[in-house]
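> Quick one: sequence plus predicted model below, questions after.
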Amino acid sequence: MDLAEYSDAELLESGRELVKIEQWARAKAFLAEHFDRHLARGDNLPASALASFALALGHNGELHRGLELCKRAQIADSRDSYISWCLAKLQLLNRNRKEAIETVERGLRVSPGNFILLRMRKTLGVRQPPPLPFLDRNHGLNVRLGRLMHRFKGTAAVA
């Protein structure tokens with residue numbers, strides 16, 4: 001596969017399509033070529049393209065570099081929900097569920113109706129408020145009441 005014959009737009013589009021179908025090695029090849037071309041010219045890479053490249057890197061054994069690049073992309077464009085999604089996926093890969101949930105919530109504050117982030121939040125699960133909100137979540141009463149309520153009602157929250 002000779003990537004030199006692809007235009008920059010074709011590389012980016014192909015790389016993103018490969019990310020969607022989770023063909024990480026091929027996605028990395030296309031996006032790395034796109035990334036390298038921009039670096040060689042001294043151009044800035046669009047933040048969402050950088051996030052796609054970071055996600056492909058993370059799935060190809062370069063998790064820490066991927067996280068670093070994705071965080072850089074989020075700083076460059078904090079309003080792009082796709083970047084938040086990529087960062088959350090990388091944080092999950094890094095086994096940091098708490099940070100992933102926080103990233104999804106930050107993304108939803110900026111773009112409340114974004115279906116990708118809403119679907120990810122549903123997949124991750126959302127904690128219910130504690131039964132006794134004036135006590136700490138880890139307080140023994142809240143823990144026991146929450147477990148009882150979950151067992152009997154299927155939820156830990158008091159309506």
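Right, received. Where do you want to start? Residues are numbered from 1 along each chain as shown.
> For Gln74, pull up the helix or strand it's in.
Taking DSSP states H and E as the definition, Gln74 sits inside helix 63-76.
> can you pull the buried residues of that helix?
Of the residues in helix 63-76, Leu63, Gly66, Leu67, Leu69, Cys70, Lys71, Ala73, Gln74, Ala76 count as buried by neighbour count, 16 or more other CB atoms under 10 Å. Glycine gets a C-beta too; all of them are placed from N, C-alpha and C.
> Ok, stretch 7-15 next?
Buried residues in stretch 7-15, counting neighbours by 16+ other CB under 10 Å, are found at Leu11, Leu12, Ser14, Gly15.
> Adding secondary structure, pLDDT and distance to Arg151, write those residues out as a markdown table.
Conversion of the buried residues of stretch 7-15 to a markdown table gives the following (DSSP: H, G, I helix; E, B strand; the rest coil; pLDDT from 0 to 100; distance: CB to CB, whole Å):
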| residue | secondary structure | pLDDT | distance to Arg151 |
| --- | --- | --- | --- |
| Leu11 | helix | 91 | 53 |
| Leu12 | helix | 93 | 50 |
| Ser14 | helix | 94 | 50 |
| Gly15 | helix | 93 | 47 |
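> With distance to Glu22 as new columns, can the residues you listed be given to me in TSV?
Written out in TSV, the entries for those read as follows (distance: CB to CB, whole Å):
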residue	distance to Glu22
Leu11	18
Leu12	17
Ser14	14
Gly15	13
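> Now compare these and name the two farthest from each other.
When CB to CB is used, the two most widely separated members of the buried residues of stretch 7-15 are Leu12 and Ser14, lying 7.4 Å apart.
> Could you tell me which residues touch both of those two?
When contacts are counted by CB atoms under 8 Å, 6 or more residues apart in numbering, Leu12 and Ser14 have Phe30 as shared neighbours.
> tell me which of the buried residues of helix 63-76 is nearest to Leu132?
Using CB to CB, the shortest approach to Leu132 within the buried residues of helix 63-76 belongs to Gln74, at 36.2 Å.
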